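1. Below: sequence and its predicted model.
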Amino acid sequence: MSSTPTLQMARPVVLSVEDDDTESYIIKIAVDECGVPADLHRVADGEQALRFLRRTHGHETAPRPHLILLDMSLPKKDGLEVLSEIRGTESLRSIPVVIFTSSLREADRKKAIAFGADDCISKPRTLTELTDAIRSLCDRFLAEFR
């Protein structure tokens, strides 16, 4: 009897760049419930995000994310600054980046898209809304891992 090995895909990596511990925890729950078993990593400010992505300053073994969930309002470097550096770096620019913002202003959304965000989402107010938003993002950006 011969057995054919099954090829298993690695789990997708999601990087959450969020300074608020409560919102970060809610994002973790939403990612866990999105239907794609993903490895979620979190950094709390823009400078840490860039260190993670560049694999420097304590992040030398950081995995390359398949999706970045980036808060627009961050300490040290805001989300648009981080996004600008991601899009300006050849080795990073292909990673999908979704901006999460507390702002409901259309001008902020347009600005994020102009900076190269793949999407810009107002932060949902409930866990159900956030889980639905994360599930939609997983369907869109991580479908190959289902």
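-> Done, it's in.
2. make it CA atoms for all contacts and neighbour counts henceforth
-> Noted.
3. and the closest residue to residue 135 other than its chain neighbours, how many neighbours?
-> Spatial nearest neighbour of residue 135, excluding adjacent residues (C-alpha to C-alpha, 6 or more residues apart in numbering): residue 34 at 4.4 Å. By other C-alpha atoms under 10 Å, the residues close to residue 34 number 20.
4. Adjacent strands (with direction) for the strand or helix carrying residue 15?
-> Residue 15 belongs to strand 13-17 when assigned by DSSP states H and E. Here strand 13-17 is paired, per DSSP bridges, with strand 39-43 (parallel), strand 67-71 (parallel).
5. Would you reformat those strands as JSON lines and include mean neighbour count, distance to residue 78 and mean pLDDT?
-> Shown next, in JSON lines, are the strands paired with strand 13-17 (neighbours: other C-alpha atoms under 10 Å; distance: least, C-alpha to C-alpha, whole Å; pLDDT from 0 to 100):
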{"stretch": "strand 39-43", "mean neighbour count": "18", "distance to residue 78": "13", "mean pLDDT": "95"}
{"stretch": "strand 67-71", "mean neighbour count": "25", "distance to residue 78": "8", "mean pLDDT": "96"}
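6. closest to residue 79 out of the ones you listed?
-> For residue 79, the closest of those is strand 67-71, at 5.7 Å, according to C-alpha to C-alpha.
7. how far out from the middle of the chain is the closest one?
-> In this view, strand 67-71 has its centroid 3 Å away from the chain centroid, taken as C-alpha atoms, centre = their mean, to the nearest Å.
8. Show me the contact partners of it.
-> 13-19, 78-79, 95-101, 141-142 (C-alpha atoms under 8 Å, 6 or more residues apart in numbering).
9. between the strands paired with strand 13-17, which gets nearest to residue 114?
-> Using C-alpha to C-alpha, the strands paired with strand 13-17 put strand 67-71 closest to residue 114, at 15.1 Å.
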